[in-house]
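# Predicted model and sequence below, questions to follow.
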Amino acid sequence: MQHAASNNFDCVRLLAALAVMYSHQVKLTDRGIVAVSAYHDLGKMGVLVFFAISGYLVMQSWERDPHLGRFLARRLLRIWPGLVCVMLLTLLVLGPALTTLPPADYFRSPQTWDFASHLWFIVGEQQLPGVFGGHAIQRVNGPLWTIPLEMGWYVVLAALGVTGLLRYRFAVPVATLACALYVFGVYGAQRPGVERWWPMEFGLFFLYGACMHAGRHLWQPRPWRAALCAVALAGIAWALGHDYVAIWLALPCLTVLAAQASTPLVRDAGRYGDFSYGIYIYSFPLQQTVIWLTANALGLWTGMALSLAVTMMFAWASWRLVEQPALGWKRLLRPAGHRTERGANPAGAARA
């Protein structure tokens, strides 16, 4: 049995993964509504929650052990083993089972091996030859493209650390403000018709999460004040017609505050494991498979329930057989004489 964490991180991540999965169910079946604003739907909000939490916990990890090699090794142990498994199952099992091409043609297709570039954190091909060809959306595993973006922001944070900038408390807030000024001011991400520039936009939420950890001494004594300030600023931005800015001002702050809290029952969400990553990487291809097998004849909630049941089996297996054993290797990366920082979240950070 997995020991329960003393905070709500597992629950918040689980809810974010389910929000992404539900959003994909709506889009894949063309049933239901997921829009939150003109710029965000429920699924993207879930991804932004992941980036905010990641920024907070990864910043915590760097502060506890500012060593580049160990830092990157921990990030790889959290992300890559699960990614390798889902990619191998997709390429070698699901693809050959569902493709309309002869096996030899499937494996000779450049599209197949371009899809495999996700293994190296490269955003590559989203489709496999002859797979889900009759679907309105033919992507095989939509969420995978966000993983290289997250790894990229790990590298950005590590670069700030290696150069010594993270020793200064103002470094992350200044980087966050510069990123925000570019995205909203120069690039104009909120202007109608402007194409979304995902790396920088997701980075805004990652950096905000890192700011929350860098400035934790300011809000931890009275977190409700931080929540009120974030909501007030977001309300002003929303009233002025800047709803994208409003979401950015409020969502990372409220996410970290909710995750950092220790709520009875809620904090036990990870009692048997952290299944959020497994849900995130397995749900899309399994949803596509259920739609393919049933010819999209199921209702929204029936299809969602069936897909979730299957996804949870894969997420459980991924955690128990792949992710948890891989995370166990982190103990070999502890520096001599390492002590956990007082007030830190080792349970949450270990799964970051």
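Sure thing, it's come through. The model shown is predicted, which means the values in this text are computed figures rather than measured ones.

# From Val245, how far off is Gly161?
Relative to Val245, Gly161 is positioned 28 Å away (CB to CB, to the nearest Å). In short, each C-beta sits where N, CA and C put it, glycine included.

# Point to the helix or strand of the chain where mean pLDDT is at its lowest.
helix 346-350 (a mean of 45; mean pLDDT, DSSP states H and E).

# Secondary structure element holding the nearest residue to Thr311 once chain neighbours are set aside?
In space, and not counting its chain neighbours, Thr311 is closest to Ser283: 4.6 Å by CB to CB, 6 or more residues apart in numbering. If you go by DSSP states H and E, Ser283 is part of helix 276-294.

# Give me the phi and psi angles of Val310.
Torsion angles at Val310 (phi, psi; degrees, to the nearest 10) stand at phi -70, psi -40.

# quick one: contacts for it?
Residues near Val310 by CB atoms under 8 Å, 6 or more residues apart in numbering: Leu286, Val290.

# shaky segments in the stretch 1-150 of the chain?
1-5, 37-39 (pLDDT under 70).

# can you give me the helices for it?
9-29, 42-64, 68-89, 95-98, 103-108, 110-115, 146-162 (DSSP state H, counting those that start in this stretch).

# quick one: which of these is nearest Gln220?
Among the helices of the stretch 1-150 of the chain, helix 42-64 comes nearest to Gln220, with 12.2 Å by CB to CB.

# just the angle between that closest one and helix 68-89, please?
150 degrees (axes from the mean of the first three to the mean of the last three CA atoms, to 10 degrees).

# And helix 42-64, how far out from the chain middle?
From the chain centre to the centre of helix 42-64 is a distance of 7 Å (CA atoms, centre = their mean, to the nearest Å).

# what packs against it?
helix 9-29, helix 68-89, helix 146-162, helix 198-214, helix 243-260, helix 346-350 (3 or more CB pairs under 8 Å, 6 or more residues apart in numbering; DSSP states H and E).

# Next, the angle helix 198-214 makes with the helix or strand that contains Leu177.
Using DSSP H and E, Leu177 sits within helix 171-180. Following the same axes, to 10 degrees, one obtains 150 degrees for the angle between helix 171-180 and helix 198-214.

# Just the CA trace of helix 171-180, in PDB.
Provided in PDB are the C-alpha atoms of helix 171-180 (Å, rounded to 0.1, in the frame of the first residue of the first chain):
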ATOM      1  CA  ALA A 171      15.400  35.900 -10.700                       C
ATOM      2  CA  VAL A 172      12.300  33.700 -11.200                       C
ATOM      3  CA  PRO A 173       9.800  36.600 -10.800                       C
ATOM      4  CA  VAL A 174      11.700  38.700 -13.300                       C
ATOM      5  CA  ALA A 175      11.900  35.800 -15.800                       C
ATOM      6  CA  THR A 176       8.100  35.300 -15.300                       C
ATOM      7  CA  LEU A 177       7.300  38.900 -15.800                       C
ATOM      8  CA  ALA A 178       9.500  39.100 -18.900                       C
ATOM      9  CA  CYS A 179       7.700  36.000 -20.300                       C
ATOM     10  CA  ALA A 180       4.300  37.500 -19.500                       C
END
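
# Give me the angle between that helix and helix 243-260.
Using the same axes, to 10 degrees: helix 171-180 against helix 243-260 is 150 degrees.

# which helices and strands sit right next to helix 171-180?
Counting by 3+ CB pairs under 8 Å, 6+ apart, helix 171-180 packs on helix 146-162, helix 198-214.

# and Leu308, which of those is closest to it?
Closest approach to Leu308 among the helices and strands packed on helix 171-180 (CB to CB): helix 146-162, 20.2 Å.

# in that closest one, what counts as buried?
For helix 146-162, burial by neighbour count (16 or more other CB atoms under 10 Å) applies to 146-151, 153-154, 156-158, 160-161.

# Taking the centroid of this structure, which residue is nearest it?
For the chain, Phe50 is the residue whose C-alpha lies nearest the centre (CA atoms, centre = their mean; 3.9 Å).

# Please report how far it lies from Tyr280.
Relative to Tyr280, and taking CB to CB, Phe50 is found at 8 Å.

# what residues are shared contacts of the two?
Ala17.

# Reformat the helices of the stretch 1-150 of the chain as TSV; add distance to Leu181.
Below are the helices of the stretch 1-150 of the chain laid out as TSV (distance: least, CB to CB, whole Å):
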stretch	distance to Leu181
helix 9-29	27
helix 42-64	18
helix 68-89	28
helix 95-98	44
helix 103-108	47
helix 110-115	36
helix 146-162	17
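
# closest one to Tyr168 among these?
helix 146-162 (9.7 Å).
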